[in-house]
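Colleague: 3D, please:
(chains A and B)
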Amino acid sequence: MDFRYLPMTEQDKKEMLQTIGVKDTEELFSDIPEEVRLKGPLQIKEPKSEGELKAELAALASRNVTMKTHASFLGAGVYDHYIPSIVDHVISRSEFYTAYTPYQPEISQGELQAIFEFQTMIAELTGMDVANSSMYDGGTALAEAATLSAGHTRKKKIVVSEAVHPESRQVIDSYGRGQHLEIVTVPHKDGMTDLQALEDAVDADTASVIVQYPNFFGQVEPLADIRKIIDAQPKAMMVVSSNPLALGFLTPPGSFGADIVVGDTQVFGIPAQFGGPHCGYFASSAKLMRKLPGRLVGQTKDEEGRRGFVLTLQAREQHIRRDKATSNICSNQALNALASSVAMSALGKKGVAEMAHLNIQKAHYMKKQLEAHGLQVIFQGAFFNELVIKVEDDADALNDYLVTQGFIGGYHLGRTDDRLKNHILVAVTEQRTKEQIDTFARKVAAVHAKQY
Amino acid sequence: MQNNTDFPLLFEQTKPGRTGYSLPPLDVPEMDLSEVFESDYIRSEPAELPELSELQIIRHYTALSRRNYGVDSGFYPLGSCTMKYNPKINEDVIRMEGFSHVHPYQDTKTAQGALELMFDLQEQLKEITGMHEVSLQPAAGAHGEWTGLMMIRALHEKNGETQRTKVIVPDSAHGTNPASATVAGFESVTVKSNEEGLVDLDDLRRVVGEDTAALMLTNPNTLGLFEKDILEMARIVHEAGGKLYYDGANLNAIMGYTRPGDMGFDVVHLNLHKTFTGPHGGGGPGSGPVGVSEELAAFLPKPVVRRQGEEIILDEDRPDSIGRVKPYYGNFGINVRAYTYIRTMGPEGLKRVSEYAVLNANYMMRRLSEAFDLPYTQHCKHEFVLSGRRQKKLGVRTLDIAKRLLDFGYHPPTIYFPLNVEEALMIEPTETEAKETLDSFIDTMLEIASDAESHPEIVQEAPHTTVVSRMDETTAARKPILRYIPE
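Modeller: As a prediction, this is how the structure comes out:
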């Protein structure tokens, strides 16, 4: 059988074996001990031709409900947003997607400059001094922020708000075990971090306080009040996980004195892809610049004085520091950072604000519709594009029904929080039309009133 | 600061009033948001993002792409990175809406296509690695290393062996190995290599003990050499009560010939963006699944994708699990590409991949040894390491050779790694390169070696043809400029 990715011919093989001075390729594998040799072929599926395989995989793909076949009101960290057509065209340039880490700056100026621009845009949106080139996702970025704060303050206690994404909190727990951190969770109250409990939890051992803005329930946490509580401990750091789209409208965490801001840029040009790859970002104040995890691109000049870009401050990184490194991240999400850069460039100064505005307006319209139908919207604080409703019926059954009606319903908060059984987190993005919102509200209300 | 030879940044092309987007008009009654939000929380100054038309943005990025170099541009023998061809069908498949627009929190009944693919990929990877269970959760190789080490730690803790705090790492190991050990809360201990470039068994016997949690090993190692005493190493580590960790960065050398599971490894991570053709994307995203022996299966990260009757489910009920290592279920998009590749190649294809990767590497190694020092002379696997010490004596450093290769349109090999070879040049051709390509590269390398003798300045001053020349990296690190700031 011939394989289209393998250019080796019998003639090539013969000539190469002769040059090497062996009679067959088996000889090149003679150092593998007999006892560990695989006897017989791998028991994996037989290959398929390009056309057959594509047809098979298309059939598999068609078994999934998607945010294109159904109108999605599901968010909880992953959203259906406008992706400008140019995004996929740019990231499909194979000079970008078939390259690796830009270790050779002379032939990698394109990637390096694109990352430098990404770092700039993230710093702008978050109101921070610097940002790195990307992290795996918002969740691991948050865990790395916890680790960094512990290393920087030489303290072990991390205070995490329960209104932070539950999966991010679980990732912090996992990382924390490796680093022997003490993770203390502060409960939510009325959909926001319980400030009294926070004040009680923050003490002299505290390395950092982690909150989300807007939080997991869509509510806008009072960062100014939280900063004041943290200020009682001069060393403790403020870490904010933030949806960067929301920062098109909200005052950025940097303006409230955040030390580290992380999040996910999935909202800018990255499809949901069943949860990944998305793209984490990591921004900080200037004083933490030399402690950031991951790769950083810096501006410099070449021998002729021309501006150019290089990977810099590499002394922080695992390939130099080895066991002294505080993060082991190596591969990151460069191509997705590029996708987000293109989306952010397309939206630009005006579009990011406009898109954020559309989200807020439509989500608030949804709130009115649901309330008009007699549904209870639980939390009453200011929110971005997500709100929480409580239903009488089983929330999972409601979502099953909604799928049959052409909708992907919201996130059942009872999945991870016993106090919030049959509470549903509903996301409304700029992609949803008035008609979809009206119909969705009506259908949910009908189920709620058992009138379907 | 910009002079006229500088390539402009997005921010230097911006002009107020230009737009590159198209959003729908607001179709619901508009609210006065100042009634909803406290004024302190409404952004007063917009983020300074660029303002450009769509064509301007496209021209900008097209120009940037032309200042970049990928596998599709030319030969990219970057050792240990497996820069093989990235098949185009993979890109088509992940762009199918049924894969790209599935939400991770949809009810699993509505995402059976995606879950079926994940489950089957796990099955294929189990067989390829010879492991008992596989999880697709980790986002990249280093993330997989950390996940694997956390599982080993959980196992030792469960067995009450909390004194196992040390991870043994060969001196030739990837830098991520000791870094991952540290992040997982272990201390790393180095084991030396012997004259053959393999782990020194006596030194291994010396460093193992009651405090050994694991030995991390890549086989073939970073010199491209197969650790032929692997069974003895496994015995030494296991008898001391430690576990054997396989760094799958170099799996491309052995598929269909041998399997980590059969060599005695307890935990394996794979780099799907290397061996299994996920594109490297300018630095990521990758995917770093982990495979484990039966003993460690209970510790796999949550959730576990498994079959329950007719359905594929996400199993969260795993009391011994190390927990969640990443939100959602791993880098699905990269996993789809890897799956497409495995289904394209099949058992015979994957074995031939390794056969030809090894044949190409040996061919290049023998021909290049004419002009470059070859510190380890046995047959290599998928990659090999030359030393530039002969050229260094002539005043030509390995860095110079790498830069000179740029003038000929090649991406240079990995340089100055592994650390145990002076002036190292680590070359991995991969199986997707044609003999003609290898021959041209070899001829170029021989020419550079000859230039190093006759007129070294042409090498020392390279590159001569790139859009920029060598960068002042010292100033970049001393006075970091990490973002654009308008004048």
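
Colleague: neighbours around A:Tyr365, how many?
Modeller: Using other C-beta atoms under 10 Å in any protein chain shown, A:Tyr365 is surrounded by 22 other residues. All C-beta spots, glycine's among them, are computed from the backbone N, C-alpha and C.

Colleague: number of nearby residues for the residue lying closest to it once chain neighbours are set aside?
Modeller: Nearest non-adjacent residue to A:Tyr365, counting by C-beta to C-beta, 6 or more residues apart in numbering or on different chains: B:Val28, 3.8 Å away. For B:Val28, the neighbour count with other C-beta under 10 Å is 20.

Colleague: Quick check: phi and psi at the closest residue to chain B within the stretch 51-200 of chain A.
Modeller: For the stretch 51-200 of chain A, the residue closest to chain B is A:Ala61, as judged by C-beta to the nearest C-beta, at 2.7 Å. Dihedral pair for A:Ala61: phi -60, psi -40, per degrees, to the nearest 10.

Colleague: Which helix or strand contains the closest residue in space to it that isn't next to it in sequence?
Modeller: Nearest non-adjacent residue to A:Ala61, counting by C-beta to C-beta, 6+ apart: B:Gly98, 2.7 Å away. According to DSSP states H and E, B:Gly98 maps onto helix B:97-100.

Colleague: for the helix or strand following that helix, packing partners?
Modeller: The helix or strand immediately downstream of helix B:97-100 is helix B:112-129, counting by DSSP H and E. Packing partners of helix B:112-129 (3 or more C-beta pairs under 8 Å, 6 or more residues apart in numbering or on different chains; DSSP states H and E): helix A:50-61, helix B:97-100, strand B:133-135, strand B:267-270, strand B:290-292, strand B:304-308, strand B:311-315, helix B:332-368.

Colleague: Name all residues that make contact with the residue nearest to A:Ala61.
Modeller: A:Ala58, A:Leu60, A:Ala61, A:Ser62, A:Arg63, A:Asn64, A:Thr66, B:Gly113, B:Ala114 (C-beta atoms under 8 Å, 6 or more residues apart in numbering or on different chains).

Colleague: what does B:Phe7 give?
Modeller: Taking C-beta under 8 Å, 6+ apart, we find B:Phe7 in contact with A:Gln109, A:Gln113, A:Arg307, B:Ala63, B:Arg67, B:Val467.

Colleague: That one in helix, strand or coil?
Modeller: Secondary structure, DSSP: H, G, I helix; E, B strand; the rest coil: B:Phe7 is coil.

Colleague: go on, A:Phe440?
Modeller: Following three-state DSSP, the label given to A:Phe440 is helix.

Colleague: Then B:Ile322?
Modeller: coil.

Colleague: For chain A, see how far away it is.
Modeller: B:Ile322 sits at a distance of 6 Å from chain A (criterion: C-beta to the nearest C-beta, to the nearest Å).

Colleague: Neighbouring strands - and their directions - for the helix or strand hosting B:Ile168?
Modeller: Using DSSP H and E, B:Ile168 sits in strand B:166-170. The strands that strand B:166-170 pairs with in its sheet are strand B:187-191 (parallel), strand B:212-217 (parallel) (by DSSP bridges).

Colleague: Take those strands and write them to a markdown table, including mean pLDDT and mean neighbour count.
Modeller: Formatted as a markdown table, those follow (pLDDT from 0 to 100; neighbours: other C-beta atoms under 10 Å in any protein chain shown):
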| stretch | mean pLDDT | mean neighbour count |
| --- | --- | --- |
| strand B:187-191 | 96 | 18 |
| strand B:212-217 | 97 | 27 |
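
Colleague: Just put those strands in JSON lines and tack on distance to B:Arg352.
Modeller: As requested, the strands paired with strand B:166-170 are exported to JSON lines (distance: least, C-beta to C-beta, whole Å):
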{"stretch": "strand B:187-191", "distance to B:Arg352": "34"}
{"stretch": "strand B:212-217", "distance to B:Arg352": "26"}
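
Colleague: of all these, which lies closest to A:Val444?
Modeller: strand B:212-217 (51.4 Å; C-beta to C-beta).

Colleague: Just to be sure, the residue nearest to A:Tyr365 is in a strand?
Modeller: No - checked against three-state DSSP, B:Val28 lies outside a strand; its state is coil.

Colleague: Any regions of the stretch 151-300 of chain B where pLDDT drops low?
Modeller: Of all residues in the stretch 151-300 of chain B, none has pLDDT under 70.

Colleague: Enumerate the residues of it near chain A.
Modeller: B:153, B:174-176, B:178-185, B:187-188, B:225-226, B:228, B:230-231, B:254-259, B:262-264, B:271, B:273, B:279-287 (C-beta under 8 Å from any C-beta of the partner chain).

Colleague: Now the buried members of the residues you listed.
Modeller: For those, a burial check counting by 16 or more other C-beta atoms under 10 Å in any protein chain shown picks out B:153, B:174-176, B:178-185, B:188, B:225-226, B:228, B:230, B:254-259, B:262-264, B:271, B:273, B:279-287.

Colleague: Show the residue spans covered by the helices in the stretch 351-487 of chain B.
Modeller: For the stretch 351-487 of chain B, the helices defined by DSSP state H, counting those that start in this stretch occupy B:389-393, B:398-407, B:435-454, B:457-460, B:473-478.

Colleague: Now the last one: buried residues?
Modeller: By that I understand helix B:473-478. B:Thr475, B:Ala476, B:Ala477.

Colleague: would you list those residues in TSV and tack on distance to chain A?
Modeller: As requested, the buried residues of helix B:473-478 are arranged in TSV below (distance: C-beta to the nearest C-beta, whole Å):
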residue	distance to chain A
B:Thr475	6
B:Ala476	4
B:Ala477	5
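
Colleague: Throw those residues into JSON lines and include pLDDT, thanks.
Modeller: Below are these laid out as JSON lines (pLDDT from 0 to 100):
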{"residue": "B:Thr475", "pLDDT": "96"}
{"residue": "B:Ala476", "pLDDT": "96"}
{"residue": "B:Ala477", "pLDDT": "95"}
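
Colleague: Run the chain-centre distance for stretch A:358-365.
Modeller: 23 Å (C-alpha atoms, centre = their mean, to the nearest Å).

Colleague: C-alpha coordinates for that stretch, PDB please?
Modeller: Provided in PDB are the C-alpha atoms of stretch A:358-365 (Å, rounded to 0.1, in the frame of the first residue of the first chain):
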ATOM      1  CA  LEU A 358     -24.900  44.200  22.400                       C
ATOM      2  CA  ASN A 359     -24.300  41.400  24.800                       C
ATOM      3  CA  ILE A 360     -25.400  43.400  27.800                       C
ATOM      4  CA  GLN A 361     -28.400  44.800  26.100                       C
ATOM      5  CA  LYS A 362     -29.600  41.500  24.800                       C
ATOM      6  CA  ALA A 363     -29.000  39.700  28.100                       C
ATOM      7  CA  HIS A 364     -30.900  42.400  30.000                       C
ATOM      8  CA  TYR A 365     -33.700  42.100  27.400                       C
END
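
Colleague: Report the buried residues of the lengthiest helix in chain A.
Modeller: Ordering each helix of chain A by length in residues (DSSP state H) puts helix A:334-372 first. By 16+ other C-beta under 10 Å, the buried positions in helix A:334-372 come out as A:334-367, A:369-370.
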